[in-house]
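Asker: Provided below are the primary sequence and the corresponding predicted coordinates.
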Amino acid sequence: MSLEQLDHPDLPTFLEEARKEVAHTIDLHFGTQDLATRGAYVRVLVGQLSNLTQVRDDTLRATLRHLDDDGGHLERYDELRQQLMSVLGELDERSAGVGPRDVYQSRPELVAKLVKDLAAKVEAYDRYEAGELVPFLSQRCEPGTMERLGSQAVKDFQHGPSHSHAGHPPADERSRLGKAVSAFLDRLDDSPDHVEEALADEGEEGP
């Protein structure tokens, strides 16, 4: 089931499906040897994770910030988030505004290494989120909170960023205006939602 097909999910359900979508994109990337298709999956992956990171900031991180005792999870979240965003930002820089073939054209070994590094960061964060963070919040929050945050996650995801903005503060610490400016800039060079869309985009340095 895709995120678009979810009907009023609670936050744990939304995040579970989001993790599956990202993992599927990573698997598809490594499952092809065609460099243009791999480049297309890189662009899709950048958009997926950039959007999902903002959703997580606005739901998970914002909730942790308002707890009297976060059990050390805010620090752990920020640590894993930063590790993931540092690699995602590099991939974003190498894939933004270029055709899918060009993503792997100049330094294919570097891009392949970055994707492998990103996959490892994603796996580490996902284990933490599913096994520790979400269960902790589910126990600490009042009844109905996970359902409310699930609705917020769906709304945020529909209007989220398509680039990493790695140098910015987490989304829950940014103003509404700051998020709007980021979203406007993203529209100037939007990461594709699907690989077919990415392959159709030759970019500024396309073949």
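Answerer: Looks like it came in fine.

Asker: any low-confidence regions in the protein?
Answerer: Across the chain, the ranges flagged by pLDDT under 70 are 1-7, 162, 164-169, 171-207.

Asker: from memory Leu74 sits against Ala62, does it?
Answerer: No: with contact defined as C-beta atoms under 8 Å, Leu74 and Ala62 do not form a contacting pair (10.3 Å). Where you see a C-beta, it was placed from the backbone N, CA and C, and this is true even at glycine.

Asker: for the residue most central in space within the chain, which residues are in contact?
Answerer: In the chain, the centroid-proximal residue (C-alpha atoms, centre = their mean) is Leu49; its distance is 1.4 Å. Going by C-beta atoms under 8 Å, 6 or more residues apart in numbering, Leu49 touches 22, 84, 88, 118, 122, 164.

Asker: over to Leu64?
Answerer: 70, 73-74, 77, 137 are the contacts of Leu64 under C-beta under 8 Å, 6+ apart.

Asker: looking at the residues you listed, which one is closest to Leu149?
Answerer: Proximity of the contacts of Leu64 to Leu149 was ranked by C-beta to C-beta; the top entry is Leu137 with 8.5 Å.

Asker: how far away is the nearest residue to the closest one once chain neighbours are set aside from Arg19?
Answerer: Excluding its sequence neighbours, the residue lying closest to Leu137 (C-beta to C-beta, 6 or more residues apart in numbering) is Thr63, at 5.9 Å. For Thr63, the distance to Arg19 (C-beta to C-beta, to the nearest Å) stands at 18 Å.

Asker: look at these two and report which has more neighbours.
Answerer: Thr63 (21 against 18; other C-beta atoms under 10 Å).

Asker: and the helix or strand where that one lies, how far from the chain's centre?
Answerer: Here Thr63 sits within helix 62-65, counting by DSSP states H and E. Remark: helix 62-65 is offset 19 Å from the chain centroid, using C-alpha atoms, centre = their mean, to the nearest Å.

Asker: again, but for stretch 34-53
Answerer: Its chain's C-alpha centre and that of stretch 34-53 lie 10 Å apart, by C-alpha atoms, centre = their mean.

Asker: pick the one among the contacts of Leu49 closest to Ala36.
Answerer: Set against Ala36, the nearest of these by C-beta to C-beta is Leu118 (19.4 Å).
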